[in-house]
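1. What follows is a predicted protein model with its sequence.
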Amino acid sequence: MSAMAWTEHLPPLAELTGELVALALVAWGWSQLGRRKHRDLARGRGEVRRLARELGGPASPEGNRLEVLADADGREMLAALRAGILGARRRICVGTYILADDAVGREVVALLARRAREGVEVRLLVDAIGSRRPPWLALRRLRRAGGQVARFNPLLSLRGRGSANWRNHRKIAVFDGATALVGGHNLGLWYVGDRPRRRRFRDASFRIGGPAAGELENVFLTDWCQATGAAPRELAAAFRDRPEPAGDTRAEVIDSGPDAPEDPLWHRLRDLVGGARRSVEIATPYFVPDAAMVATLRDRLAAGVRVRIVVPRFSDHPITDFARRATLRELRDLGAEVLLHRRGVLHAKLLVVDGETAVVGSANFDMRSFFLNYEVGVVVRGESALSRLRALMGELAAESRPPSEASVRRAHRWHGRLLERAAGWIAPLL
């Protein structure tokens, strides 16, 4: 079975062709606006990190506590966010890619406004493209209550720096520098809610207590300084406020983006995959890795390592479903287990290597997350945390199935092959 389709049916040809044309035009326009790295941003990042070390001391990855927030409807994540906002005494930092103008988005902003009126220092950072339709009225009320709001890298602003293609895809919430939420959940009804919703994204986030929460706050504050032009010294109180150990989990925070030297998150992921001795398990909404990462997976398969890849049956971007097919087909033919998730749109991001090390955070397993977006990952070790992360991976796999025989036959249709190849041409920007 050498040829496989990785979706269960082909969307209308006109729809997919139109999306390809639009993406190609956008990719061309974006390619004119900037490179992958920006020296001024890197200097700003370095200034923030030096100040954090000067005021807070060296960071330790030891002594953390990790809790998995991954129920099918996002109730646990929403409850944790509410609890964090209402329980903070001094400082709340919330950063998200999507802040929707719906019941969830408005509620979160209203809670932040309530805490700002009560004297808590509140900062809310949203990506200008991901949150292009935020709850404007609620945000105005938050500002009037004393909260601070910023938009990251607007297209039409003097504060926009670098390429319009550089988006802040991180999802971070930190409370008093001691507890943090990180993962894949955006803030909207498509992602979290108190009641089940048809086709809600199947996602996962993680609550972290201990020194890693302080490191996640440093990542947020680095983004805040870039977005607002604030001087890092203005945030000195936050940098001094280092949390105490809270558990037995090792959690190393790695952030990447146009302001980072090289590509630290990609390097760590490739090193972990390349060092696997027994197993590599990947759950991701978009699987469009670069050639070096694919070669690393091939090498592990040749060495007898078990590789399992869980992707959504249908993602929210049909073109990425076509772009992934050739690589998944090749890896499957080499012995990888490929599973299509069947409950909603899988949006969780999780890598587990040898059952001993995991990476959680905001990054998808694709070239956009590896090389273009601002992303954050947490490398987790420790049996108490890994037992829960292995269980989560098992749940996602149990909710998935291999591609059907009917989809295998449809893989040979000429228009599917054509769109697969065309999607592969623009894969680095998907």
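-> Nice, thanks for sending it over.
2. Break down the stretch 201-350 of the chain into its strands, ranges please.
-> Listed in chain order, the strands found in the stretch 201-350 of the chain under DSSP state E, counting those that start in this stretch are 205-209, 250-256, 279-283, 287-288, 306-312, 337-341, 350-353.
3. start to end distance for stretch 123-131?
-> When the termini of stretch 123-131 are compared using CA to CA, to the nearest Å, they are 16 Å apart.
4. For that stretch, give me every contacting residue.
-> Residues external to stretch 123-131 that are found in contact with it (CB atoms under 8 Å, 6 or more residues apart in numbering): 92-100, 109, 112, 134, 139, 142, 147-155, 157, 160, 164, 167-169, 186, 220, 223-224, 227. C-beta coordinates here come from the backbone N, C-alpha and C atoms, glycine included.
5. follow-up on the earlier one: turn the strands of the stretch 201-350 of the chain into CSV, including mean neighbour count and mean pLDDT.
-> Listed next are these as CSV, based on neighbours: other CB atoms under 10 Å; pLDDT from 0 to 100:
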stretch, mean neighbour count, mean pLDDT
strand 205-209, 26, 98
strand 250-256, 23, 97
strand 279-283, 23, 98
strand 287-288, 26, 94
strand 306-312, 22, 98
strand 337-341, 20, 97
strand 350-353, 25, 98
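6. one step back: quick check on the contacts of stretch 123-131: which are buried?
-> 92-100, 109, 112, 134, 139, 142, 147-154, 160, 164, 167-169, 186, 220, 223-224, 227 (16 or more other CB atoms under 10 Å).
7. center of the protein - which residue?
-> The centroid of the chain falls nearest to residue 362 when counting by CA atoms, centre = their mean (1.6 Å).
8. from memory that residue sits against residue 368, does it?
-> No - with contact defined as CB atoms under 8 Å, residue 362 does not count as touching residue 368 (11.6 Å).
9. residues in contact with the residue nearest to the centre of the chain?
-> Taking CB under 8 Å, 6+ apart as the criterion, residue 362 is in contact with 97, 169, 170, 171, 182, 183, 184, 349, 369, 375, 376, 377.
10. Excluding sequence neighbours, find me the nearest residue to residue 301.
-> Spatial nearest neighbour of residue 301, chain neighbours left out: residue 334 (4.6 Å); criterion: CB to CB, 6 or more residues apart in numbering.
11. Starting from residue 81, give me the distance back to that neighbour.
-> Relative to residue 81, residue 334 is positioned 41 Å away (CB to CB, to the nearest Å).
12. And the protein, split by domain according to the record?
-> Taking automatic domain parsing as the criterion, the chain consists of the domains 13-35+263-429, 39-247.
13. Identify whichever of those lies nearest to residue 254.
-> With distances scored as CB to CB, the stretch of those nearest to residue 254 is domain 13-35+263-429 (5.0 Å).
14. circling back: least reliable of the domains of the chain by average pLDDT, please.
-> Here the domains of the chain differ in mean pLDDT, and the lowest is domain 13-35+263-429 at a mean of 85.
15. can you confirm residue 182 is in a strand?
-> Yes - counting by DSSP: H, G, I helix; E, B strand; the rest coil, residue 182 is found in a strand.
16. Wait, it touches residue 171, no?
-> Yes - look at residue 182 against residue 171 with CB under 8 Å: they come within range, at 6.6 Å.
17. So for these two, which sits in the more crowded spot?
-> Residue environment comparison for residue 182 versus residue 171 gives the larger neighbour count to residue 182, 28 against 25, counting by other CB atoms under 10 Å.
18. State the number of residues packed around residue 361.
-> Using other CB under 10 Å as the criterion, residue 361 is surrounded by 28 other residues.
19. re earlier: now for residue 182 and residue 171: what residues contact both?
-> In the contact map built from CB under 8 Å, 6+ apart, the residues linked to both residue 182 and residue 171 are 205, 362.
20. related to what we said a few turns ago, correct me if wrong: the residue nearest to residue 301 contacts residue 299.
-> No - distance between residue 334 and residue 299: 10.2 Å, which falls outside the contact criterion (CB under 8 Å).
21. before we move on, back to that, who's more crowded, residue 334 and residue 81?
-> Neighbour tally, residue 334 and residue 81, criterion other CB under 10 Å: the higher count belongs to residue 81, 25 against 13.
22. quick one, phi/psi of the more buried one?
-> phi -70, psi -50 (degrees, to the nearest 10).
23. where along the stretch 301-430 of the chain do the helices fall?
-> Using DSSP state H, counting those that start in this stretch, the helices of the stretch 301-430 of the chain run over 318-333, 367-371, 383-398, 405-410, 414-425.
24. Quick check: buried residues in stretch 385-397?
-> If you call a residue buried by 16+ other CB under 10 Å, then stretch 385-397 has these buried ones: 385, 386, 388, 389, 390, 392, 393, 395, 396, 397.
25. ok so, going back, which one of the contacts of residue 362 is nearest residue 326?
-> Distance from residue 326 was checked for each of the contacts of residue 362 by CB to CB. The minimum falls on residue 369, at 19.3 Å.
26. so that closest one makes contact with residue 375?
-> Yes - the pair residue 369 and residue 375 qualifies as a contact (CB under 8 Å) at a distance of 5.2 Å.
27. Which one's more surrounded, the two?
-> The neighbour count for residue 369 versus residue 375, taken as other CB under 10 Å, is higher for residue 375 (28 against 25).
28. Specify the beta-bridge partners of the more buried one.
-> Here residue 375 shows beta-bridge partners residue 256, assigned using DSSP bridges.
29. Ok, residue 94 next?
-> residue 124, residue 173.
30. returning to what we had before: among the strands of the stretch 201-350 of the chain, which comes closest to residue 74?
-> Closest to residue 74 of those is strand 205-209 (CB to CB; 8.3 Å).
31. Partner strands of the closest one, with direction?
-> Each strand that pairs with strand 205-209, with its direction, by DSSP bridges: strand 65-69 (antiparallel), strand 179-183 (antiparallel).
32. so the first one versus helix 383-398, what angle?
-> Between the axis of strand 65-69 and that of helix 383-398 there is an angle of 20 degrees, by axes from the mean of the first three to the mean of the last three CA atoms, to 10 degrees.
33. got the contact list for strand 65-69?
-> 76-77, 80, 181, 183, 185, 204-210, 246-249, 251, 380, 382, 384-385, 388-389, 391-392.
34. now it against strand 250-256, angle please.
-> With the same axes, to 10 degrees defining the directions, strand 65-69 sits at 70 degrees from strand 250-256.
35. from the middle of its chain, how far away would strand 65-69 be?
-> For strand 65-69, the gap between its own C-alpha mean and the chain's C-alpha mean amounts to 16 Å (CA atoms, centre = their mean, to the nearest Å).
36. Alright, calling it a day.
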